[in-house]
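Novice: What shape does this take:
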Amino acid sequence: MLSKDPSYPVFTLLVFISFWVTLLPLTWLTYCQRNATILVYIFWLALSCLNHFINSVIWHDSLLNIAPVWCDISSRLYVGASLGIPVSIMCMVHRIYLILTHKWIRVNTRKAMYEDLGLGIGLPILQMIVQCSVAEARFAIYEGLGCFNTTSRQWPAYFVVQSWQTAIAIASSIYGG
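Specialist: Numbering: from 1, shown residues only. Now for the predicted structure:
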């Protein structure tokens, strides 16, 4: 059976290539010690690309709920990646800020690495947990794209879900100068 969407193989192929291209820097970044921020950024970006790839393969021409457990996992991964990528960028901007203001000399690098890991992985996991409280349904399936999270359209949901990205953007802009 032919796919209704003419871009189906192109999108899937490009997302798959993007996943592998995202992992390429790991070949030389494994030698850099205590660079957790870049590794967290690569982790969330690669996880997001892999999630898009799997979803585009499973639901390329269907709306049937053939993998409900995967949809639960996938929708939470979207929530985590949507916060994990900006948080890791904020951590990079913060580190550049410390280096440019000559404050990096006094910073304990091990402590900074743990802070970056805590922010880059801890905040997205917390967002995944909190998002469950304002979810309208477990997930929504879009043909050709796969499973996504659903958020209630009430004002507490906007505060709980959108305030994280706004706060991170403000912090990044303050550090960026």
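
Novice: what packs against the biggest helix by length in the chain?
Specialist: Secondary structure of the chain per DSSP state H: the longest helix is helix 68-100. Judged by 3 or more CB pairs under 8 Å, 6 or more residues apart in numbering; DSSP states H and E, the packing partners of helix 68-100 are helix 36-58, helix 109-117, helix 123-131, strand 146-148, helix 155-176. No exception for glycine: its C-beta is placed from N, CA and C like everyone else's.

Novice: strand partners of the fourth one, parallel vs antiparallel please.
Specialist: Strand pairing for strand 146-148, using DSSP bridges, gives strand 140-142 (antiparallel).

Novice: Just name the shakiest helix or strand of the protein by mean pLDDT.
Specialist: Least confident helix or strand, the chain: helix 26-29 with a mean of 81, by mean pLDDT, DSSP states H and E.

Novice: chain center to that one, what's the gap?
Specialist: 20 Å (CA atoms, centre = their mean, to the nearest Å).

Novice: ditto for stretch 147-165
Specialist: 16 Å.

Novice: Quick check: buried residues in that stretch?
Specialist: 147-149, 151, 157, 160-161, 164 (16 or more other CB atoms under 10 Å).

Novice: Format the residues you listed as JSON lines; extra columns: pLDDT.
Specialist: Converted to JSON lines, the buried residues of stretch 147-165 look like this (pLDDT from 0 to 100):
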{"residue": "Cys147", "pLDDT": "89"}
{"residue": "Phe148", "pLDDT": "88"}
{"residue": "Asn149", "pLDDT": "88"}
{"residue": "Thr151", "pLDDT": "84"}
{"residue": "Ala157", "pLDDT": "84"}
{"residue": "Val160", "pLDDT": "82"}
{"residue": "Val161", "pLDDT": "83"}
{"residue": "Trp164", "pLDDT": "89"}
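
Novice: Give me the buried stretch members for the helix or strand containing Thr22, please.
Specialist: Taking DSSP states H and E as the definition, Thr22 sits inside helix 8-23. Residues 8, 11-12, 15-16, 18-19, 22 are the ones in helix 8-23 that count as buried (16+ other CB under 10 Å).
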